[in-house]
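below is the sequence, then the predicted model.
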Amino acid sequence: MILAGFVLLAVGAADLVRQFAPRRWIGYLAAGIILLLLGSVSDALLPMIAGLVIGALWVWSMPSERPAPLGFWPAVLLALVAVGSVVWFPARVDAGMIGAVWSLRSPFGDIPFDLAILALGAGVFLLESSNLVVRAALDGEHTWRPIDRGAGTEPTAAGGDGEAADDARPDTATPLAVPVLGAVAEATPTRDPRAGFQGGRLIGPLERILVMILTLAAAYPILAAMLAAKGIVRFPEISRDGETGARAEYFLVGSLVSWVIGLSAAFLVWWAAHS
């Protein structure tokens, strides 16, 4: 179980670092040191090293700037590693130095350290790594992407739940040429804070986290209502498809893959808790 938690945590942390850190190598180094320290104090240094190695392979095989060279297969192999670790390696009795002071209570009872790491790793994986998995699924099926209305090209990034990154807005920060006394002066308008907002990259992670939490809490009516509400909200856009059905396919493929990832994470944590 601890191996699955550290693998998912290392993969998720690596994707968060390369998404937000301006100097990635500093973020990778800091994340690696923190995770190695966590593995040391929990008497699980070897599983953590294995997690870091798998995280490095994941970053190589699932790039964020271009289509994945291996397609959807790295996600399949990662899922097999996580499930196999939970099935064959149950929670440990001794969690090292941190186990001596570890105490985490919940409405469902005490949560062991290994289970907490698995839940944390699954949650971190659902943030940015799952966006890459959904994108690889869309690319693998050659699913239509919404076209950038401004440049006539595809958006630079797709959201994690079938939502398109809204790169279609004009660049409001581009200087405008304004004639002043026979000369040309540049005037830069105020940037719209909503310009370039990539809604899918926020909606997808939030949706998957809610799917995981609601599933573990057995709040199935609320989960069904949330998923149905998303379809209702997107119906006007999908209804403009015409005869092609491309927009509906894009939405369905992205949403279904996203929901499967969230449900799988919840099932993995549930299985570990009851094993």
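Received the coordinates, thanks.

pLDDT weak spots in this structure?
21, 141-201, 237-245 (pLDDT under 70).

now the strands for it?
Along the chain, counting by DSSP state E, strands occupy 105-106, 109-110, 176-180, 183-187.

quick one: the second one to chain centroid distance?
I take that to be strand 109-110. Centroid displacement of strand 109-110 relative to its chain, using Cα atoms, centre = their mean, to the nearest Å, is 28 Å.

now swap in stretch 58-69 and tell me
Chain-centre distance of stretch 58-69: 14 Å, with Cα atoms, centre = their mean.

and that stretch, how far apart are its ends?
Start-to-end span of stretch 58-69 (Cα to Cα, to the nearest Å) is 11 Å.

show residues contacting it.
With Cβ atoms under 8 Å, 6 or more residues apart in numbering as the test, stretch 58-69 has contacts from 11, 14-15, 18-19, 70, 74-75, 78, 129, 132-133, 135-136, 139, 157. C-beta coordinates here come from the backbone N, C-alpha and C atoms, glycine included.

any of these buried? List them.
In the contacts of stretch 58-69, burial by neighbour count holds for 11, 14-15, 18-19, 74-75, 78, 129, 132-133, 135-136, 139, 157, counting by 16 or more other Cβ atoms under 10 Å.

which of those sits closest to W271?
For those, the closest approach to W271 (Cβ to Cβ) belongs to L78, at 16.3 Å.

touching, the closest one and V11? I think so.
Yes: taking Cβ atoms under 8 Å as the definition, L78 is a contact partner of V11 at 6.8 Å.

what touches both of the two?
Joint contacts of L78 and V11 (Cβ under 8 Å, 6+ apart) are I54, W58.

show me which residues of stretch 36-43 are buried.
Those would be L38, G39, V41, S42, D43, for stretch 36-43 by 16+ other Cβ under 10 Å.

ok, now stretch 90-110?
Residues of stretch 90-110 classed as buried by neighbour count (16+ other Cβ under 10 Å): A91, R92, A95, G96, G99, W102.

from V124, how far off is G254?
Using Cβ to Cβ, to the nearest Å, G254 is found at 21 Å from V124.

er, D94 actually
For D94, the distance to V124 (Cβ to Cβ) stands at 25 Å.

quick revisit: ok, G254 and V124, which is more surrounded?
Each of G254 and V124 has its neighbours counted (other Cβ atoms under 10 Å); G254 has more, 26 against 20.

distance check, that one against W102.
Separation of G254 from W102 (Cβ to Cβ) stands at 38 Å.

which residue ranges form the helices in the stretch 51-200 of the chain?
With DSSP state H, counting those that start in this stretch, the ranges of helices along the stretch 51-200 of the chain come out as 73-88, 96-101, 113-125, 129-140, 199-216.

ok, and what's touching the third one?
Contact with helix 113-125 is made by 1-2, 4-13, 16, 42, 86, 91-92, 95, 98-99, 102, 104, 111, 209, 212, 265, 268-269, 272-273, as judged by Cβ under 8 Å, 6+ apart.

type out the ChimeraX command that picks the buried ones from these.
Typed into ChimeraX, the line below selects the buried ones among those, using 16+ other Cβ under 10 Å:
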select :1,2,4,5,6,7,8,9,10,11,12,13,16,42,86,91,92,95,99,102,209,212,265,268,269,272,273
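
W259: what's it in contact with?
By Cβ under 8 Å, 6+ apart, the contact list for W259 reads E207, R208, V211, L227.

next: A10.
When contacts are counted by Cβ under 8 Å, 6+ apart, A10 touches L35, M48, G51, L52, I54, G55, G121.

please repeat the previous calculation with a cut-off of 7 Å.
Neighbour list for A10: L35, G51, L52, I54, G55 [criterion: Cβ atoms under 7 Å, 6 or more residues apart in numbering].

export those to CSV and tack on distance to Y250?
Converted to CSV, the contacts of A10 look like this (distance: Cβ to Cβ, whole Å):
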residue, distance to Y250
L35, 36
G51, 33
L52, 35
I54, 30
G55, 29
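
could you redo the residues you listed as a markdown table and give each row neighbour count and distance to G231?
Below are these laid out as a markdown table (neighbours: other Cβ atoms under 10 Å; distance: Cβ to Cβ, whole Å):
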| residue | neighbour count | distance to G231 |
| --- | --- | --- |
| L35 | 20 | 38 |
| G51 | 28 | 36 |
| L52 | 23 | 39 |
| I54 | 22 | 35 |
| G55 | 27 | 34 |
